[in-house]
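Asks: Here's a sequence, model it:
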Amino acid sequence: MANVTDPLARAVHGTNPQNLIEYITRQKIYDSLYWKEECFGLSASDVATKASDLQAMGGSYGGNNKPTRFLCLALKLLQIQPEEGIVEEFLQNEDFKYVRALGAFYLRLTGRPAEIYELIEPLYNDFRKLRFRESTGWKITYMDEVADELLNSDRYCGIALPHLPKRAVLESAGYLDGPRRSALVPLIDEEADGDAQQLLQKMADNGNAAAKAAIDERMKRKAEAEEKEAQILLERQKEASIERGKRSDRIDGRGSNERDHYKDSERDQKYRDYNRESRRQYDDETHQHRNDRRKDDYRSHRESDHDRTDRRRRDEYNNNRNHGRRYDDRGYRDEPHGSNSTGQHDCQQSDHDHEQSARKSQHRKEKKSSKHDEKYGSLFKKSSNSEGARSQSSKKLSVDKDGVGNNANVIEGSEEFWNDERAKLGLKPLNN
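Replies: Numbers count the residues shown, from 1 in each chain. So this is what the prediction gives:
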C-alpha cells in the first residue's frame, strides 16, 4: 500500500499522477532502498525536509539505471499531491536550492501552462550552482539553466515532460500579459530612463569589460543588419529595372502588330459578323431538319398503325368466314356468303363437332366389342345390364329354320342351357 496514490488526489492530464513517470523508472524507484527506508509515510513538509538534505539532482545513473534521491522525492510528491500553495513555497524558498529545483520540476509535470510560465520564469534570476548526476558521471549546472530547460525541453532527468505551448501562443490567447519582464528593467529605468544602450555606455565608461563587449557586439549586429538591408534594397532595384526594360521591349515589339490590327478592325468585324450569321443559319437549318425528321417519323408510325389495323381487320374477316363453314363425313362445303350470321356459324360448328365426336366414340366401342368377341367367343355369362342382348340370343336359340323352337323346355341362362351351348362347340360341360 506504500506505492498507492492518495485516494483524494485528482487526475493530472487525464491520468494517475504517478503515471507521469515511466513504468520502468517507477518500478526501479519502488525497488530502491532509499524509497523503502526514507520515503514511507511522508507528508509535504517531510518531503521538503528530505529535499533540504539533497546534495545533487538528476535522473537515473549507473549500469542498472538506479534512480537518484531527487527522482524518488519527485515521485513521492506525485503520490501525495500537495496543495498549490505548498508548491509555491517550494519555488520561493531561496535558502535551499534543491528544494526550489524539486518544486520547479514537480510544477512542470503537473501545472497549467500559464502557471508554469509565471512561477518558473523568476528562476532566470537565480544563478546558483547545482550538481547534476548523469548516467555516466557528474556535471555542474545553474538554476537559470534548469529553468530554461524545463520551459523549452521535452525531457528532463530522463522523464518525458508534458507538452507546453509557446509563450507567444499564450500571449495571443490572453493567458499571459505581454512578454516576459526582465529583472534589469527597474535598473534600466532608474539609471538610464529606460534606455538599455545608454546604461551599457555608462558601465563601459566606468571600465566594465562586459559592458564594452556587449556594446561591440551590438554595433556589429547593427552593422550586419544595415548591410543586409542595403543588399536587399539593391537587389530589389535591379529587379525593378529589369522588369521595366522587359515591359518597354514588349511595348515596342507589339506596336506594328497593334497598328495592323486596328487597320484591319473593320474587316475583322465583318468576318465575325459573317461567322455569326453563318452559325445562326446553320442552327436554323439543323433545327428545321430535325423537325422534318420528326414529322416523317410520326407519319411513318401512323401509316404503320393503319397497316396493322387493316391486317387485323382482314384476319378477323377471314376467321369469320372459316367459322361459317359446315363439315360432314365426306369433308366440308362452303355455305353461301351472307346466308347466316357469325353466331349461327359458331353454333353449327359446335353441333357438328359434338356429333362427329359422338360418332367416333361409338365407332371405337363397336370395334373394340367385335375384337373381344373374336378373341374370347360368347361362352361367358352376360351382365345384367345387357338384357337386350340376352333376349335376342334367346330368340335365335328358341327358333329353328322352320320357326319352331328345338329347346323350348330349356330355360335360358340355366345350367342345361349353357351345357348345350358348350356341347355344340365341343367343350366339356360345366361342373356342378
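Asks: Sketch out the low-pLDDT regions of the stretch 51-200 of the chain for me.
Replies: Applying pLDDT under 70 to the stretch 51-200 of the chain flags the ranges 192, 194.
Asks: can you map out the helices along it?
Replies: Along the stretch 51-200 of the chain, the segments classed as helices by DSSP state H, counting those that start in this stretch run 69-80, 84-92, 97-110, 113-120, 143-152, 167-173, 185-192, 196-205.
Asks: quick one, the fifth one and helix 97-110 angle?
Replies: Taking axes from the mean of the first three to the mean of the last three CA atoms, to 10 degrees, one finds that helix 143-152 is oriented at 10 degrees with respect to helix 97-110.
Asks: Then the first one?
Replies: For helix 69-80 against helix 97-110, the angle between stretch directions is 50 degrees (the same axes, to 10 degrees).
Asks: pretty sure residue 3 contacts residue 31?
Replies: No: with contacts counted by CB atoms under 8 Å, residue 3 stays clear of residue 31, the gap being 10.3 Å. From N, CA and C alone the C-beta is placed, and that goes for glycine too.
Asks: quick one, which of the helices of the stretch 51-200 of the chain is nearest to residue 353?
Replies: Within the helices of the stretch 51-200 of the chain, the stretch nearest residue 353 is helix 167-173; the backing value is 105.1 Å (CB to CB).
Asks: re the thing from before, and residue 3 and residue 31? Which one has more around it.
Replies: Taking neighbours as other CB atoms under 10 Å, residue 3 and residue 31 compare with residue 3 leading, 14 against 11.
Asks: Convert stretch 84-92 to PDB, retaining C-alpha atoms only.
Replies: Taking C-alpha atoms only, stretch 84-92 is exported to PDB below (Å, rounded to 0.1, in the frame of the first residue of the first chain):
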ATOM      1  CA  GLU A  84      -0.700  24.500  -4.800                       C
ATOM      2  CA  GLY A  85       0.300  26.900  -2.000                       C
ATOM      3  CA  ILE A  86       2.900  24.300  -0.800                       C
ATOM      4  CA  VAL A  87       4.400  24.000  -4.300                       C
ATOM      5  CA  GLU A  88       4.700  27.800  -4.500                       C
ATOM      6  CA  GLU A  89       6.500  27.800  -1.200                       C
ATOM      7  CA  PHE A  90       8.900  25.300  -2.600                       C
ATOM      8  CA  LEU A  91       9.600  27.600  -5.500                       C
ATOM      9  CA  GLN A  92      10.000  30.700  -3.400                       C
END
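Asks: sorry, back to before: closest to residue 357 out of the helices of the stretch 51-200 of the chain?
Replies: Nearest to residue 357, of all those, is helix 167-173, at 107.1 Å by CB to CB.
Asks: and that closest one, how far out from the chain's middle?
Replies: For helix 167-173, the gap between its own C-alpha mean and the chain's C-alpha mean amounts to 38 Å (CA atoms, centre = their mean, to the nearest Å).
Asks: Name the surrounding residues that touch it.
Replies: Judged by CB atoms under 8 Å, 6 or more residues apart in numbering, the contacts made with helix 167-173 from elsewhere in the structure are 113-114, 117, 176-180.
Asks: Now that helix: buried residues?
Replies: Applying a neighbour-count criterion of 16 or more other CB atoms under 10 Å, one finds 167, 170-171 buried in helix 167-173.
Asks: May I see those residues organised as TSV, with distance to residue 132 added?
Replies: Below are the buried residues of helix 167-173 laid out as TSV (distance: CB to CB, whole Å):
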residue	distance to residue 132
167	25
170	29
171	31
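Asks: ok, back up a step: for the contacts of helix 167-173, which one is nearest residue 58?
Replies: Scanning those for proximity to residue 58, where the rule is CB to CB, the winner is residue 117, at 24.6 Å.
Asks: contacting residues around the closest one?
Replies: If a contact means CB under 8 Å, 6+ apart, then residue 117 has 151, 167, 170, 176, 180 as its contacts.
Asks: Out of the buried residues of helix 167-173, which comes closest to residue 417?
Replies: Set against residue 417, the nearest of the buried residues of helix 167-173 by CB to CB is residue 170 (139.7 Å).
Asks: quick one: the nearest residue to the closest one once chain neighbours are set aside from residue 144, how far?
Replies: Leaving aside its sequence neighbours, residue 170 sits nearest to residue 176 (CB to CB, 6 or more residues apart in numbering; 4.6 Å). As for residue 176, its distance to residue 144 is 20 Å (criterion: CB to CB, to the nearest Å).
Asks: Counting neighbours, go ahead and name the busier of those two.
Replies: Neighbours per residue, other CB under 10 Å: of residue 176 and residue 144, the larger number sits with residue 176, 18 against 14.
Asks: Tell me where the stretch 201-350 of the chain has strands.
Replies: Assigned by DSSP state E, counting those that start in this stretch, the stretch 201-350 of the chain shows strands spanning 326-328, 331-333.
Asks: and stretch 235-252, how far out from the chain's middle?
Replies: 54 Å.
Asks: That should have said stretch 126-136, apologies.
Replies: Averaging C-alpha positions (CA atoms, centre = their mean) puts stretch 126-136 55 Å from its chain's average.
Asks: in that stretch, what counts as buried?
Replies: Buried-residue list, stretch 126-136, by 16+ other CB under 10 Å: 126, 130, 132-133.
Asks: Could I get the pLDDT score of the nearest residue in space to residue 109 that is not next to it in sequence?
Replies: Distances taken as CB to CB, 6+ apart place residue 20 nearest to residue 109, at 5.1 Å, with adjacent residues excluded. At residue 20, the pLDDT value in this model is 93.
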